[in-house]
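Trainee: Predicted model follows, preceded by the sequence.
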Amino acid sequence: MSHRVATVASLIAVVAMGGVSVRAQDGGPAVTLPAPGAPCVAIGFLYEHVDADGAWLAPDIARALAAVRCARAQAAAPQLAVSVHVDDEVTAVAAAGKRADASALAGFAAAFASVPGGDDELARAIAAAALAMDDARHVLPGGELAAAARAALAPVGQAPAGPTALLALTPAALRQLAAAPRRTLTGCAGDAGLDVLELARSGQRVDLPSRLAAASAAPAAPAPAADSAIAAAVHRRVDQPFVAAAFAVPADLDRAALAVALTVARDRAARRWQLRGSELRAGTPFVDWSWLRGDRVVAFHRRGLAPIRVRPGEPAADVAAERDATAAELREFLDDLRRPVAETEVAAARAQAAAELGCQVRADASDPATVALGLRQALLRRVRGVDDGAIAAVAPAAATAALARLLAGPQCWQALLPTPSPSLGWRPR
């Protein structure tokens, strides 16, 4: 690897039948979702991607490590439902089962906490992670657009490693990544009679300083200049132009107001447009931003019309004209977002945003997959500072102001175009 090899490990809390308590080593943080009489139990843990020197670990390396840990843990306890989230900063994992399967949680925790095993297993995990990363970043249009937008608007201290660097990672190096303590948030869900036992590995800690907290307290980096010119590139897997307008999220922007405002934006987009193909599978929804992912960029996408067969001499628009027409649709939509948000829009958006963030957890959920997802979201809400009370208090003026400030800030316009073909064109519009 071209950057320092870091160490990543996870802290595991094991849930078992016992007294009512929540114990964490050295008084570290914990999240609990008590549900008296619930038929399911769950454990969860979230750790930050930080290297040995306190800098961010390359997200691609963190994803590879999370993949091999989760594969081992799921193999140790296949009867459990597992929910996994990996972003550029944290990995969050939750496992849930019926009360009769509570003992399997200990096996899951131990397997996840253990340093990964044989070289063949690790080599396969590295190769699978590199392939998945290549698909996400270079095959799916949304991945390529997102990577370019983040690089332009919100670069982080540690650049992504990329598939080539991942494939150069040796099993020994990946094993080293898993060897040292990591600041970790633990969690449990289920009956109040369940006990969070001693940590699965005595050498791991939860009282380390939070890199996320340090980053939020650091002075904001100088904002890049706004640029509404479209940077276009040919993408071999698209048939229609994809246009994206990305905006940097100010560090001090009220995230609750932004979450509600962008829910309004999604509703307006759904009323204005229809999908023109596989935009969702391509990773290009009309509005793309997640509070739980800690996104520093908001992206708005629009896919162009499908091409038509053109006979020799028949008039037709070229791909540049279709790109510009698609961009015009997107600009008109952004202009509409500058219109004041109505009370009726905010009322619906507040409830929808809270539901999507998992703020209303069903205490009596009987589906292990639902319980695992709920606990995973609770862990992410804790580290991202999501407050359901703040969401419920967002007023129309606050949502309007959040959109206005976002759209007035640094921006990045991009387009992915299909490979030119003399037999294809577009209907003029």
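Mentor: Arrived safely. Everything numeric here is computed off the predicted structure, so don't read it as measured data.
Trainee: shouldn't residue 379 be in contact with residue 188?
Mentor: No. Using CB atoms under 8 Å as the test, residue 379 is too far from residue 188 to be in contact (10.6 Å). Where you see a C-beta, it was placed from the backbone N, CA and C, and this is true even at glycine.
Trainee: Any chance you could list residues touching both of these two?
Mentor: Taking CB atoms under 8 Å, 6 or more residues apart in numbering as the criterion, residue 379 and residue 188 both touch 31, 44.
Trainee: How much space separates the closest residue to residue 393 other than its chain neighbours from residue 359?
Mentor: In space, and not counting its chain neighbours, residue 393 is closest to residue 256: 7.5 Å by CB to CB, 6 or more residues apart in numbering. Note on residue 256: its distance to residue 359, by CB to CB, to the nearest Å, is 11 Å.
Trainee: tell me the strands in the stretch 201-350 of the chain, going along the chain?
Mentor: Using DSSP state E, counting those that start in this stretch, the strands found in the stretch 201-350 of the chain span residues 227-234, 242-248, 287-288, 297-303, 308-309.
Trainee: Tell me the confidence at residue 65?
Mentor: We note a pLDDT of 82 for residue 65 in this prediction.
Trainee: Quick one: neighbours of it, just the number.
Mentor: Residue 65 has 29 neighbours, counted by other CB atoms under 10 Å.
Trainee: what separates it from residue 137, distance-wise?
Mentor: Counting by CB to CB, the gap from residue 65 to residue 137 is 18 Å.
Trainee: Which SSE is immediately downstream of the helix or strand hosting residue 111?
Mentor: Using DSSP states H and E, residue 111 sits in helix 104-113. Remark: after helix 104-113, the chain's next helix or strand is helix 119-134, criterion DSSP H and E.
Trainee: shaky segments in the stretch 1-150 of the chain?
Mentor: Filtered on pLDDT under 70, the stretch 1-150 of the chain yields the residue ranges 1-29, 51-55, 115-116.
Trainee: Tell me which other helices or strands the host helix or strand of residue 425 touches.
Mentor: Using DSSP H and E, the element containing residue 425 is strand 424-425. Counting contacts by 3 or more CB pairs under 8 Å, 6 or more residues apart in numbering; DSSP states H and E, strand 424-425 is packed against strand 308-309.
Trainee: Check which strands are paired with the strand it packs on and give the direction for each one.
Mentor: Strand 308-309 sits in its sheet next to strand 424-425 (antiparallel), going by DSSP bridges.
Trainee: Run the chain-centre distance for the partner strand.
Mentor: Distance of strand 424-425 from the chain centroid (CA atoms, centre = their mean, to the nearest Å) equals 36 Å.
Trainee: which outside residues touch it?
Mentor: Contacts of strand 424-425 (CB under 8 Å, 6+ apart): 307-310, 314, 316-318, 418.
Trainee: Of these, which is the nearest to residue 123?
Mentor: residue 418 (36.4 Å; CB to CB).
Trainee: Would you confirm that that closest one contacts residue 241?
Mentor: Yes. Assessed by CB under 8 Å, residue 418 is found in contact with residue 241 at 7.2 Å.
Trainee: more neighbours, those two?
Mentor: Counted by other CB under 10 Å, residue 418 and residue 241 do not tie: residue 241 has more neighbours, with 28 against 19.
Trainee: Which pLDDT value goes with that one?
Mentor: 96.
Trainee: Give me the nearest residue to it, chain neighbours excluded.
Mentor: residue 304 (3.9 Å).
Trainee: try residue 185
Mentor: residue 46 (4.4 Å).
Trainee: what's around that neighbour, how many residues?
Mentor: Residues near residue 46, counting by other CB under 10 Å: 25.
Trainee: Confirm it sits in a strand?
Mentor: Yes. Residue 46 forms part of a strand when assessed by DSSP: H, G, I helix; E, B strand; the rest coil.
Trainee: List the residues that contact it.
Mentor: 90-93, 184-187, 379-380, 382-383.
Trainee: ok, now how distant is it from residue 405?
Mentor: Taken as CB to CB, the span from residue 46 to residue 405 is 30 Å.
Trainee: Next: residue 417.
Mentor: Taking CB to CB, one finds residue 417 at 31 Å from residue 405.
Trainee: Then residue 92 would be within a helix, right?
Mentor: No. Counting by three-state DSSP, residue 92 is not found in a helix; it is strand.
Trainee: and the gap between it and residue 129?
Mentor: 17 Å.
Trainee: how about the helices of the stretch 51-200 of the chain, start to end?
Mentor: Using DSSP state H, counting those that start in this stretch, the helices of the stretch 51-200 of the chain run over 59-76, 104-113, 119-134, 141-153, 162-167, 171-177.
Trainee: which parts of the first one are buried?
Mentor: The neighbour-count criterion (16 or more other CB atoms under 10 Å) identifies 59-74, 76 as the buried residues of helix 59-76.
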